[in-house]
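**Student:** What follows is a predicted protein model with its sequence.
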Amino acid sequence: MTATIAALITPETVTEVAGEVWSAMVGTDEVLVPVGAEVPAGLSAWVTVTGPWNGAVVLTCSVSATEDLARAVLQLGPDETPDDGDVDDVLRELANILGGNVKSLLPGPSSLGLPETGTPPAARPGSSTVAVSWRGHPLAITIQGAPGQNQQAPVFTTEVTQ
């Protein structure tokens with residue numbers, strides 16, 4: 001059966017993967033609450049995936065979320081303020097782990113690029129965004145194909161069990 005990236009990596013799958021990553025990295029009692037598809041303005045970290053499917057996994061956090069997120073991951077006290085390097089490291093690591101988990105869902109050998117922060121690759125038609133709230137902060141995870149790659153076109157042949 002021919003499967004598309006959209007069939008292999010659904011919003012539900014991304015939400016589940018992100019929840020597992022949050023539990024492992026941020027805290028076992030931390031939850032992500034789906035809120036729609038709005039991408040917050042703020043800071044982004046992403047990792048590219050190269051293989052049978054080429055694209056990027058992008059994590060975007062509101063500015064208000066970044067310090068709280070770094071504080072939670074680094075297990076800092078409420079009165080400790082993470083520096084910009086700590087925030088950058090935490091966002092890159094979360095993007096890297098999210099990307100690795102998404103990559104593991106794809107058939108065939110794939111590789112991850114190095115995680116980056118800054119202005120993410122522009123979202124393309126066919127990108128899939130999952131917007132969530134964590135501790136009241138908006139976050140978004142976007143799965144987007146590389147330029148010229150149509151995510152809706154068949155890109156893999158794989159067995160899909162029903």
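**Tutor:** Great, that's in hand.
**Student:** Going along the chain, name the helices of the protein.
**Tutor:** 5-8, 11-25, 63-73, 84-103 (DSSP state H).
**Student:** any idea which helix or strand of the protein has the worst average confidence?
**Tutor:** Lowest by mean pLDDT, DSSP states H and E among the helices and strands of the chain is strand 156-157, with a mean of 34.
**Student:** ok, now which ones touch residue 9?
**Tutor:** Residue 9 sits next to 102, 105, 106, 128, 143 when contact means Cβ atoms under 8 Å, 6 or more residues apart in numbering. To be clear about C-beta, it is placed using only N, CA and C from the backbone, and glycine gets the same treatment.
**Student:** Residue 132 touches residue 18, doesn't it?
**Tutor:** Yes - at 6.8 Å, residue 132 counts as touching residue 18 under the criterion of Cβ atoms under 8 Å.
**Student:** returning to what we had before: tell me which two in the contacts of residue 9 are the farthest apart.
**Tutor:** 106 and 128 (13.8 Å; Cβ to Cβ).
**Student:** residue contacts, the closest residue to residue 33 other than its chain neighbours?
**Tutor:** Take residue 33 and drop its neighbours on the chain: the residue closest to it by Cβ to Cβ, 6 or more residues apart in numbering is residue 133, 4.6 Å away. Contacts for residue 133 (Cβ under 8 Å, 6+ apart) come out as 32, 33, 35, 139.
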